[in-house]
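Undergrad: What would the 3D arrangement of this be:
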Amino acid sequence: MKLQTERHAMKQSTPNGKPLTSLKRLFPLITILGLAAWGADIANANDLVNGNLDAISISSQNNPTPNNWTVDAFRTLSGTHFDGCSSEPWCNVADPSGYGLFFKPFQGTVGDEITVHFYQDNPATPGTKFTLSGYAAGEANYSGFFSTNTPVPATLFSIVFLNSGGTVLASNVYDLVANGLPSSGPASMALFTTPQVTAPVGTVTVRAGASMYNTYGTGGGQSFFVDALDLVSEAPPGAPVITNQPSHKTVSAGATTTFNVGVSNAAGVTYEWQLYSTNLVNGGSISGAATPTLTVTGVSSSDVGHYRVRVTNGGGTVLSSEASLEIVGISFYPVIRIEGKIGDVNVVEYSTALAPTTWIPLSTNTLTTSPQLVLDTTSPGNNTRFYRAVYQP
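TA: Have a look, this model is predicted:
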């Protein structure tokens, strides 16, 4: 897939010079990002969990959306909506067999426009500087390109700062359309990067993501897409400096493994290990949840996932990069070979003994080729089973 060059130009004001009224629902204090000095040496890890948007499941929407992200979709008159966006493979730019996010402006109409907020919350401390990058594109008839209705549509990246009570302290939005959003669909996705913004006093949470405001259906070739979002932070002076990031681990089931983080200024530092952004506590397979070394004992499927550590001192907080834990193993499964006429239906059955024989259905198979192989994944290893294929006339 051909990707366009990175975009940096900044918008100076809201569309038509007017405030975006629907922003008040989620982002009540608005700062349109203007030209700013770029931060130097921003080399920290992506603070977002599942930033590539490839791990998906059904949550608030009717169709799958990225895990660890929140979707808030609503229409001007109709209220909360449950089909504002969905994860789709054909708008993926980051990883093979991955997904991008497909926004659905056609779910709105003029007078009952649809707004979709897609965002993730992460811990932050005052003085930390943040930059958000990601790929985005629209289609030629996307209503976000037009300003013919009121309230005017908008298509934005956003970085929002909240206090401990969840009150928004400041919202910084970056207008994708004003900065050259491509209009040739997913294949034209370009990389956009916001200027760096600083968390104000009282910040405990940074909220980052993409939003589509006040949009409506135009008929064909009318959607908006994003993928591969990356929130990079630069901690304030005196905050911990991570010198060694946790590394990915692949182990066999039942093994013990460790994740380690190195910090150059370790005096007064606290550690909070997380699995998919949820703080871990000692117990079960987990130990060392508040130390530089996390140990996972007797690894099982429930331990598989992405780990990171939150490192804090009096100067601020930094997040490590994510490190994955995966299980690998070699298993041997029985294979049943069936020969017959294409289209014939056979039920494969098994028994654990020949006398007395009790046949248990395993699977129903329509022959699409001959011979056709049927894998019994319910019986790994050295087990005793007998099989037969019963033709279904």
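Undergrad: Tell me where the model's unsure across the stretch 51-200 of the chain.
TA: Within the stretch 51-200 of the chain, no range satisfies pLDDT under 70.
Undergrad: which ones are touching residue 244?
TA: By CB atoms under 8 Å, 6 or more residues apart in numbering, residue 244 lies in contact with 260, 261, 262. Where C-beta positions appear, they are placed from N, C-alpha and C, glycine not excepted.
Undergrad: That one and residue 128: what is the separation?
TA: Distance check for residue 244 against residue 128: by CB to CB, to the nearest Å, it reads 21 Å.
Undergrad: what about stretch 220-239, start to end distance?
TA: Distance across stretch 220-239, first residue to last, is 50 Å (CA to CA, to the nearest Å).
Undergrad: My error: substitute stretch 184-191 in the last question.
TA: Taking CA to CA, stretch 184-191 runs 14 Å from one end to the other.
Undergrad: And for stretch 64-81?
TA: By CA to CA, the extent of stretch 64-81 from end to end equals 14 Å.
Undergrad: How about stretch 133-148?
TA: Taking CA to CA, stretch 133-148 runs 29 Å from one end to the other.
Undergrad: cool, and stretch 216-233?
TA: Start-to-end span of stretch 216-233 (CA to CA) is 35 Å.
Undergrad: Repeat that for stretch 322-333.
TA: Termini of stretch 322-333 sit 34 Å apart (CA to CA).
Undergrad: Please identify the buried residues of that stretch?
TA: Residues of stretch 322-333 classed as buried by neighbour count (16 or more other CB atoms under 10 Å): 322, 323, 325, 327.
Undergrad: One more: stretch 75-83?
TA: Residues 75, 76, 81 are the ones in stretch 75-83 that count as buried (16+ other CB under 10 Å).
Undergrad: List the buried residues of stretch 301-317.
TA: For stretch 301-317, a neighbour-count test (16+ other CB under 10 Å) marks 303, 305-313, 315-317 as buried.
Undergrad: Skipping adjacent residues, who's closest to residue 322 in space?
TA: Closest residue in space to residue 322, ignoring its immediate chain neighbours: residue 306 at 4.3 Å, by CB to CB, 6 or more residues apart in numbering.
Undergrad: so which strand or helix has that neighbour?
TA: Following DSSP states H and E, one finds residue 306 within strand 305-313.
Undergrad: about what we covered before: give me the pLDDT for the residue nearest to residue 322.
TA: According to the prediction, residue 306 has pLDDT 93.
Undergrad: for the stretch 51-200 of the chain, what spans make up the strands?
TA: 56-57, 65-66, 70-75, 79-80, 85-88, 100-103, 114-123, 129-138, 154-162, 168-175, 190-193, 197-198 (DSSP state E, counting those that start in this stretch).
Undergrad: Save those as CSV, and put in distance to residue 184 too.
TA: Converted to CSV, those look like this (distance: least, CB to CB, whole Å):
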stretch, distance to residue 184
strand 56-57, 25
strand 65-66, 24
strand 70-75, 25
strand 79-80, 32
strand 85-88, 17
strand 100-103, 15
strand 114-123, 21
strand 129-138, 7
strand 154-162, 15
strand 168-175, 19
strand 190-193, 10
strand 197-198, 30
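Undergrad: Ok, which of those comes nearest residue 280?
TA: Proximity of those to residue 280 was assessed by CB to CB; the nearest stretch is strand 114-123, lying at 14.7 Å.
Undergrad: Alpha carbons only: can I get that closest one in PDB?
TA: Extracted in PDB, the C-alpha atoms of strand 114-123 (Å, rounded to 0.1, in the frame of the first residue of the first chain):
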ATOM      1  CA  ILE A 114     -23.600  11.700  13.800                       C
ATOM      2  CA  THR A 115     -20.500  12.300  16.000                       C
ATOM      3  CA  VAL A 116     -18.000   9.600  17.000                       C
ATOM      4  CA  HIS A 117     -15.300   9.900  19.600                       C
ATOM      5  CA  PHE A 118     -12.600   7.200  19.600                       C
ATOM      6  CA  TYR A 119     -10.200   7.600  22.500                       C
ATOM      7  CA  GLN A 120      -8.000   6.000  25.200                       C
ATOM      8  CA  ASP A 121      -7.100   7.200  28.700                       C
ATOM      9  CA  ASN A 122      -3.700   6.800  30.200                       C
ATOM     10  CA  PRO A 123      -2.000   8.200  33.400                       C
END
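Undergrad: That one packs against which elements?
TA: Applying 3 or more CB pairs under 8 Å, 6 or more residues apart in numbering; DSSP states H and E, we find strand 114-123 packed against strand 70-75, strand 100-103, strand 154-162, strand 205-215, strand 316-319.
Undergrad: Now render the ones you listed as CSV, adding distance to residue 192.
TA: Formatted as CSV, the helices and strands packed on strand 114-123 follow (distance: least, CB to CB, whole Å):
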stretch, distance to residue 192
strand 70-75, 20
strand 100-103, 14
strand 154-162, 6
strand 205-215, 10
strand 316-319, 22
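Undergrad: Which of the contacts of residue 244 lies at the shortest distance from residue 203?
TA: Closest to residue 203, out of all of the contacts of residue 244 and judged by CB to CB, is residue 261, at 23.2 Å.
Undergrad: Would you mind measuring the gap between the ends of stretch 50-59?
TA: First-to-last distance for stretch 50-59 - CA to CA - comes to 15 Å.
Undergrad: Would you mark the buried spots in that stretch?
TA: So, applying 16+ other CB under 10 Å, buried residues of stretch 50-59: 50, 51, 52, 53, 54, 55, 56.
Undergrad: Show me how far it is from its chain's centre.
TA: Stretch 50-59 sits 4 Å away from the centroid of its parent chain (CA atoms, centre = their mean, to the nearest Å).
Undergrad: contact partners of it?
TA: Outside stretch 50-59, the residues that touch it by CB under 8 Å, 6+ apart are 64-69, 71, 87, 92, 94-95, 98-101, 226-231, 276, 306.
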